[in-house]
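Novice: this one's sequence-less:
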């Protein structure tokens, strides 16, 4: 699987979370489309199928993540 660089993942997560906190999904069509694009890119970058799982997986791959703690990835 293609792995995104941690810096790219970090920027994707930051932008998605910022838009989420602003409730951008209720905003203009352009902003909603950007959130959809970010969600899709996060899913592709992490090999997941939904944005919540993608965010968890992306955070897990970022510097400072505790690799020995995979409890958040166990379903």
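Specialist: Happy to help now that I have it. For clarity, every value in this text was computed on a predicted model and none was experimentally measured.
Novice: which helices and strands does the lengthiest helix in the chain pack with?
Specialist: Across the chain, the longest stretch assigned as helix under DSSP state H is helix 29-46. Contacts defined by 3 or more Cβ pairs under 8 Å, 6 or more residues apart in numbering; DSSP states H and E place helix 29-46 against helix 6-21, helix 51-61. For the C-beta atoms, the positions are set from N, CA and C on the backbone; glycine is no exception.
Novice: Can you tell me which of those is most buried?
Specialist: Mean neighbour count (mean count of other Cβ atoms under 10 Å) peaks for helix 51-61 among those, with a mean of 18.
Novice: on that earlier part again, list the buried residues for the longest helix of the chain?
Specialist: By neighbour count on 16 or more other Cβ atoms under 10 Å, the buried set for helix 29-46 is 34-35, 38-39, 41-43, 45-46.
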